[in-house]
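[1] Sequence first, predicted model second:
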Amino acid sequence: MQEKSSFNSLKKKERRERQEIIVDAAERVFARKPFDSVSIRDIAGEAGISHASIYRYFPDQQTLFVEAFLRGAENIVNFLSDLVDSANESSIELVTERFICYLIENDRYFRMMTHFMLDGSLSGELVERLNETERSLIDQLDRLFLKMNVEGEVRLLSHAFFAAMNGVLITFRNYPGRSRQEVVSHMIQLGRIIANKFST
């Protein structure tokens, strides 16, 4: 019986490792290509397997894409958590600036997050996994506003702040006629204005 258990655990471990290889490949492809134009064939080619083989590990394209996003989202939550840990009650501008810069530098995760926020075709289970991740992110903003001793409903403020940051990134990430440096500078400036409004 012990031998059977060992073989089963080995199979499960190998399956998880193969899934990780596929998700790693997906992340590399997302870093090179616009999210909406990435196909299962692209990811399979990057992973060095046939596209049909991917479906042994992920039931559909959306599940794989969500898995790749959730890995990146965990990094975003951890980054924001560290920012809030080191923040004092007057540093919302600094948190805002660093958060905007992080999302600019990790644009593939921001594009995926935006896609999933706008996509109404996800299954209930995938939506719940995305919502759970978003709640973790919003929890960090709650912590920030609690540190600032703001008055009012903290969760509502966190939602408004998160929406405002996303709005800046969506609206100005491809600002026509501006260099990348000018775009980043403009978004940081807008972030500071928003942070200032929230701090008062």
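    Yes, it's here.
[2] Not counting its neighbours along the chain, what's nearest residue 126?
    Using CB to CB, 6 or more residues apart in numbering and skipping residues adjacent in sequence, the residue nearest residue 126 is residue 66, 5.1 Å away. In short, each C-beta sits where N, CA and C put it, glycine included.
[3] Of all the residues in the longest helix along the chain, which ones are buried?
    The longest helix of the chain (DSSP state H) is helix 2-32. Buried residues in helix 2-32, counted by 16 or more other CB atoms under 10 Å: 18, 19, 22, 23, 25, 26, 27, 28, 29, 30.
[4] hang on, the third one packs against residue 65?
    The reference is to residue 22. No: the pair residue 22 / residue 65 is not scored as a contact, 11.3 Å apart, by CB atoms under 8 Å.
[5] what about the helices in the protein?
    With DSSP H as the criterion, the chain has helices spanning 2-32, 40-47, 51-54, 61-86, 92-105, 107-118, 124-147, 154-172, 180-199.
[6] can I get the ones you listed in a markdown table with mean pLDDT?
    Shown next, in a markdown table, are the helices of the chain (pLDDT from 0 to 100):
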| stretch | mean pLDDT |
| --- | --- |
| helix 2-32 | 81 |
| helix 40-47 | 92 |
| helix 51-54 | 90 |
| helix 61-86 | 89 |
| helix 92-105 | 91 |
| helix 107-118 | 81 |
| helix 124-147 | 91 |
| helix 154-172 | 94 |
| helix 180-199 | 93 |
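[7] by contact count, what packs against the longest helix of the chain?
    Packing partners of helix 2-32 (3 or more CB pairs under 8 Å, 6 or more residues apart in numbering; DSSP states H and E): helix 40-47, helix 61-86, helix 107-118.
[8] relative to helix 61-86, how tilted is that helix?
    80 degrees (axes from the mean of the first three to the mean of the last three CA atoms, to 10 degrees).
[9] Any idea which residue is closest to the centre of the chain?
    With distances taken as CA atoms, centre = their mean, residue 73 lies nearest the centre of the chain, 3.3 Å away.
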